[in-house]
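Undergrad: Here's my sequence, what's the structure:
(chains A and B)
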Amino acid sequence: DSGVTQTPKHLITATGQRVTLRCSPRSGDLSVYWYQQSLDQGLQFLIQYYNGEERAKGNILERFSAQQFPDLHSELNLSSLELGDSALYFCASSVAGSAYEQYFGPGTRLTVT
Amino acid sequence: AQSVAQPEDQVNVAEGNPLTVKCTYSVSGNPYLFWYVQYPNRGLQFLLKYITGDNLVKGSYGFEAEFNKSQTSFHLKKPSALVSDSALYFCAVRDFRDDKIIFGKGTRLHILP
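TA: Okay, the predicted model is just below:
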């Protein structure tokens, strides 16, 4: 158990819909990262937050957004969902920035039908 | 541009034999390098990292990695493979420009009984 929690574990929704994925980092970790993992694209970095502020952005679509709250939990919002958004979404946390090892949650499996 | 390459999609090793999973990188400045492992239906787990110092880094589960600056490589090794080592292995490098981690495409390791 990494200490990072993600909810829900599974999510099935229809095209065009909007969903919110939630992540709670390990106690004491200030950085949160979001990743998308699919069979054809591999592991794609989406976005990183540090202590409530956006720190780095990766291949995140404009339809996706995220935030980190004062209690350090984070949410990833995916809107206007398309079939191609079906993937595993991982959250990870680290003590500070990317110089430190990341601890990954169990992931949320999103299926768009 | 900062990048990391894992030249092998899959590596097969007989149980008890030594294993090597290859990784090469391209960064400006001194690299921060990481190895992670992903077991089926799980999030990634941190194995080891290199920041500075000894070129041979020891990590979890008996794994070690050798940093070679002249060859820009960071290969993962284990002296004697176990069937339970079968998993997906990711090499990663820190991008200093924007503090994000770049992951390789992953190498699937099969340990044959």
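
Undergrad: which residue packs closest to the residue in chain A that chain B sits nearest to, ignoring adjacent ones?
TA: Closest residue of chain A to chain B, CB to the nearest CB: A:Phe104 (3.3 Å). C-beta coordinates here come from the backbone N, C-alpha and C atoms, glycine included. If you skip the residues right next to it in sequence, A:Phe104 has B:Gly43 as its closest partner in space, 3.3 Å away by CB to CB, 6 or more residues apart in numbering or on different chains.

Undergrad: which residues sit against stretch A:65-75?
TA: For stretch A:65-75, the external contacting residues (CB atoms under 8 Å, 6 or more residues apart in numbering or on different chains) are A:20-25, A:29-30, A:32, A:34, A:46-47, A:49, A:51-53, A:60, A:76-77, A:79, A:91.

Undergrad: switch the cut-off to 7 Å
TA: With contacts defined as CB atoms under 7 Å, 6 or more residues apart in numbering or on different chains, stretch A:65-75 is touched by A:20-25, A:30, A:32, A:34, A:47, A:49, A:52, A:76-77, A:91.

Undergrad: Alpha carbons only: can I get it in CSV?
TA: The C-alpha trace of stretch A:65-75 is given here as CSV (Å, rounded to 0.1, in the frame of the first residue of the first chain):
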residue,chain,number,x,y,z
SER,A,65,-8.6,20.2,-15.9
ALA,A,66,-7.2,19.6,-12.4
GLN,A,67,-6.8,21.3,-9.1
GLN,A,68,-5.2,20.7,-5.8
PHE,A,69,-7.1,21.9,-2.7
PRO,A,70,-5.8,23.4,0.6
ASP,A,71,-5.9,20.0,2.2
LEU,A,72,-3.7,18.8,-0.7
HIS,A,73,-6.1,16.3,-2.2
SER,A,74,-6.5,16.7,-5.9
GLU,A,75,-9.2,16.2,-8.5
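
Undergrad: Give the buried residues for it.
TA: Counting neighbours by 16 or more other CB atoms under 10 Å in any protein chain shown, one finds that the buried residues in stretch A:65-75 are A:Ala66, A:Gln68, A:Leu72, A:Ser74, A:Glu75.

Undergrad: Same check on stretch A:33-46?
TA: Going by neighbour count (16+ other CB under 10 Å), the buried part of stretch A:33-46 is A:Tyr33, A:Trp34, A:Tyr35, A:Gln36, A:Gln37, A:Leu43, A:Phe45, A:Leu46.

Undergrad: Cross those residues against strands and list the overlap.
TA: Taking DSSP state E, the ones among those that sit in strands are A:Tyr33, A:Trp34, A:Tyr35, A:Gln36, A:Gln37, A:Leu43, A:Phe45, A:Leu46.
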